[in-house]
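Visitor: build the 3D model from these lines:
(one chain, ligands or ions: 1)
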Amino acid sequence: MTLEDRGPGPDAIYREELLAGRFTVQTCGDCGQSSFPPRVFCKHCGSAALTRVEASGDGVVYSTSAVRNRPDKGGDHNIALVDLAEGVRLLTRVDGAGPTEVPIGARVKARIVGGDVPHVVFDLVKE
Ligand SMILES: [Zn+2]
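Guide: Okay, the predicted model is just below:
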């Protein structure tokens with residue numbers, strides 16, 4: 001068997017789903033827990049019985065940091081750890097909020113951006 005025979009890996013499948021407008025996480029058929037980022041084996045029990053499910057996109061900010069950058073390097077922005085409703089934590093950013101304007105505990109909603117190089121960002125949910 002060559003590498004080409006194995007088909008796309010979990011990262012490639014994840015990107016294909018994003019390109020199709022679906023933000024997915026993996027759920028384990030053996031232990032029932034979710035995994036992210038994409039992987040071959042369940043990080044909780046080691047099973048290969050991972051299936052892909054579309055995420056709700058609902059999350060809560062677990063922590064956040066301000067990143068200071070020169071303007072020609074993209075300027076200041078935030079990065080955040082977001083706990084998804086599915087039980088996984090993502091390193092991401094909260095769009096539309098300044099570097100220090102992301103409250104811990106705030107509810108956020110996922111959105112796919114980036115066109116040909118898709119990735120997931122979050123927006124603050126207006127309470
Ligand atoms: Zn498992």
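
Visitor: and the top strand by length along the chain, how far out from the chain middle?
Guide: The longest strand of the chain (DSSP state E) is strand 58-67. Relative to the centre of its chain, strand 58-67 is centred 12 Å away, using Cα atoms, centre = their mean, to the nearest Å.

Visitor: any buried residues in it, and which?
Guide: 58, 59, 60, 61, 64 (16 or more other Cβ atoms under 10 Å). All C-beta atoms are positioned from the backbone trio N, CA, C, and that covers glycine.

Visitor: repeat that for stretch 28-43.
Guide: For stretch 28-43, by 16+ other Cβ under 10 Å, it's 28, 33, 34, 35, 36, 38, 42.

Visitor: can you tell me the closest non-neighbouring residue to the second one?
Guide: By that I understand residue 33. residue 44 (4.5 Å; Cβ to Cβ, 6 or more residues apart in numbering).

Visitor: cool, the last one as well?
Guide: With Cβ to Cβ, 6+ apart as the measure, residue 28 is the residue that lies nearest to residue 42, at 4.1 Å, once sequence neighbours are left out.

Visitor: the fourth one now?
Guide: Counting by Cβ to Cβ, 6+ apart, residue 35 lies nearest to residue 26, which is 4.6 Å off, once chain neighbours are set aside.

Visitor: who are the packing partners of the helix or strand where that neighbour lies?
Guide: In the assignment (DSSP states H and E), residue 26 maps to strand 24-28. Applying 3 or more Cβ pairs under 8 Å, 6 or more residues apart in numbering; DSSP states H and E, one finds that strand 24-28 contacts helix 10-19, strand 34-35, strand 50-54.

Visitor: single out the most deeply packed of the ones you listed.
Guide: Mean neighbour count (mean count of other Cβ atoms under 10 Å) peaks for strand 34-35 among the helices and strands packed on strand 24-28, with a mean of 20.

Visitor: do that one and the ion come into contact?
Guide: No: using Cβ under 5 Å from the ion, strand 34-35 stays clear of the ion, coming no nearer than 7.8 Å.

Visitor: name every strand pairing with that strand and say which way it goes.
Guide: Sheet pairing of strand 34-35 (DSSP bridges) gives strand 24-28 (antiparallel).

Visitor: before I go, just wanted to say thanks for your time.
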